[in-house]
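# this one's sequence-less:
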RNA sequence: GCGGAUGUAGCUCAGUUGGUUAGAGCGCUGGUUUGUGGUACCAGAUGUCGUGAGUUCGAAUCUCAUCAUCCGCCCCA
């Protein structure tokens, strides 16, 4: 029997897991800073619940199995479970409802670079009854901005667009029946050459002038305000287009009002998002210098979250950070501060077995002071003990030997500076706190 | 689901036109006299060369099959 892990499942060494957990907790704290309440739903759901919304592609990727007579599936995102949750508990919830959820999701796809079969999603969503104010779309930008700033990551940009714009534009060209296919193609424009793009549009049966108009439209660029002016100057009368433009203007204006730096937010008319339940604002986040990472945080606004489960209307807006992919890509590019192997602040080293009593006693006292410590019980040469301390990267060493036992003091060594002091208990606590 | 590549120590890889006991670096273990580390030096362990079959006097090297991994496409975090 050889030990191995299923492909597409990430396992980390302690020094990596510490960084991963730190990132997870920064994300959770930031979400709470913006007033999102925690939510946890089961990894397993009834297959009929999870499959209720999905189209062909996601359905193929869902892990599904039978236990007895029950068809069970593993969640492939956190949005469908949220929809179920809202449908079940909307009478007990207070709206606007803001929740965050950080959990593992499962997709049985072919793993490739940055693709996992089990991965963490860190979601936020704001849901309201009947109608959700557009300013929330700007708040979502603020959350993304704050999270990525606090994580201390490379320069990033949040790209936004509004689906009503392109939808309305296609209506104005009288090709609204091709919307889904066109959106999918537009989403690929950065990946494929222009001729290929135009070729595929021809395959959809688009006339030459419409192809050119569409291409010109999605290539509109510049500063956010310049793009908005250009869109206004198109003078398109379509109702959807006008509404989309209006929403986009509000989101940009409120983002500015929230104090978000202009260089981190960019309107990009080619961002559409594949998922067809988005109806308004859409977001994607990329690192300026690492576009190959793909989008590390994306989402958008949807009109009706729980429509498959009930008649009531619950519009919402939300995003998801793919933490597993984000971590994996950062690690592969040496962009993570991976050092410590231990959450301990200090390691207590009794010189030999004669001083174990003092060491145990001290460990108890320090832990009562909320200081994480460990004792090196394994007896070996002092040099080995030092090597252990080095390897786990513990910041302080407390040495207890004959001198210390006699004086009731403790030798405390700072492992970074090499400086060593003999301290009384209260001084020691002060140093370690 | 479709297409392309690769499998040699824990990791990254070398291995010449098939030729004796398969190598390097990093890591790991131990040592450089027994209360002070990260460096340096010395020594050591580790492989059915992915698996199975075939060709051959002889296979890590050639052929076939199989499994696994990686990379595109699709879709997406």
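Looks like it arrived, so ask away. As the structure is a prediction and not an experimental result, all values here were calculated from the model.

# which helices and strands does the strand or helix carrying residue A:246 pack with?
Here residue A:246 sits within helix A:239-257, counting by DSSP states H and E. With contacts taken as 3 or more CB pairs under 8 Å, 6 or more residues apart in numbering; DSSP states H and E, helix A:239-257 sits against helix A:135-150, strand A:156-162, helix A:163-172, helix A:224-233, strand A:265-267, strand A:278-287. The C-beta positions use only the backbone N, C-alpha and C, and glycine is treated the same way.

# quick one, it and helix A:135-150 angle?
Put simply, helix A:239-257 runs at 50 degrees to helix A:135-150, going by axes from the mean of the first three to the mean of the last three CA atoms, to 10 degrees.

# which of the residues in helix A:239-257 are buried?
Residues of helix A:239-257 classed as buried under the neighbour-count rule (16 or more other CB atoms under 10 Å) are A:240-241, A:243-245, A:247-252, A:254-255.

# wait, residue A:240 sits on residue A:166?
No - at 9.2 Å, residue A:240 does not count as touching residue A:166 under the criterion of CB atoms under 8 Å.

# residue A:391: which element?
Per DSSP H and E: residue A:391 is located in helix A:382-392.

# and the very next helix or strand once past that helix, average pLDDT?
Sequence order places strand A:396-400 as the next helix or strand after helix A:382-392, per DSSP H and E. For strand A:396-400, mean pLDDT rounds to 94.

# swap in stretch A:93-106?
Regarding stretch A:93-106, the rounded mean pLDDT is 95.

# does that stretch reach RNA strand B?
No - using CB under 7 Å from any atom of the strand, stretch A:93-106 stays clear of RNA strand B, with a minimum separation of 8.0 Å.

# not counting that stretch itself, show me its contacts.
Stretch A:93-106 is contacted by residues A:24, A:27-28, A:31-32, A:34-41, A:43, A:62-63, A:74-78, A:82, A:86, A:117-129, A:132-133, A:136, A:323 when judged by CB atoms under 8 Å, 6 or more residues apart in numbering.

# please, a ChimeraX command that selects the buried ones among the residues you listed?
Listed next is the ChimeraX selection for buried residues among the contacts of stretch A:93-106, using 16+ other CB under 10 Å:
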select /A:24,27,28,31,34,36,39,41,62,63,74,75,76,77,78,82,86,117,118,119,120,121,122,123,124,125,126,127,128,132,136,323
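
# which residues of the stretch 1-150 of chain A lie near RNA strand B?
So far as CB under 7 Å from any atom of the strand goes, the stretch 1-150 of chain A lies against RNA strand B at A:6-7, A:57-58, A:77, A:107, A:109-117, A:119, A:121.

# need the next SSE after the lowest-mean-pLDDT helix or strand in chain A, C-terminal direction.
Ranked by mean pLDDT, DSSP states H and E, the weakest helix or strand in chain A is helix A:56-61, scoring a mean of 70. Note on helix A:56-61: by DSSP H and E, the next helix or strand toward the C-terminus is strand A:64-67.

# and the next helix-or-strand element following that following strand, what does it pack onto?
The helix or strand immediately downstream of strand A:64-67 is strand A:70-74, counting by DSSP H and E. If contacts are counted by 3+ CB pairs under 8 Å, 6+ apart, strand A:70-74 sits against strand A:44-46, helix A:47-51, strand A:64-67.

# before we move on, the earlier item: got the buried residues for the helix holding residue A:391?
Residues A:385, A:386, A:389, A:392 are the ones in helix A:382-392 that count as buried (16+ other CB under 10 Å).

# could you dump the residues you listed to TSV with distance to RNA strand B?
Below are the buried residues of helix A:382-392 laid out as TSV (distance: CB to the nearest atom of the strand, whole Å):
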residue	distance to RNA strand B
A:385	8
A:386	3
A:389	7
A:392	10
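
# output those as a markdown table; include the columns pLDDT.
A markdown table is the format used below for the buried residues of helix A:382-392 (pLDDT from 0 to 100):
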| residue | pLDDT |
| --- | --- |
| A:385 | 92 |
| A:386 | 91 |
| A:389 | 91 |
| A:392 | 87 |
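
# kindly indicate which of these lies nearest residue A:203.
Among those, residue A:392 lies closest to residue A:203 (CB to CB), at 59.5 Å.

# please name the residues that touch that closest one.
Contact analysis of residue A:392 by CB under 8 Å, 6+ apart lists A:340, A:341, A:342, A:344, A:347.

# what does stretch A:5-25 contact?
Under the contact criterion CB under 8 Å, 6+ apart, stretch A:5-25 has outside partners A:102, A:109, A:111, A:115-120, A:122, A:151, A:323-324, A:326-328, A:331, A:336-343, A:393.

# assign a three-state SS to the most centrally placed residue in chain A, would you?
Central residue of chain A (CA atoms, centre = their mean): residue A:321, 1.9 Å from the mean position. Secondary structure, DSSP: H, G, I helix; E, B strand; the rest coil: residue A:321 is strand.
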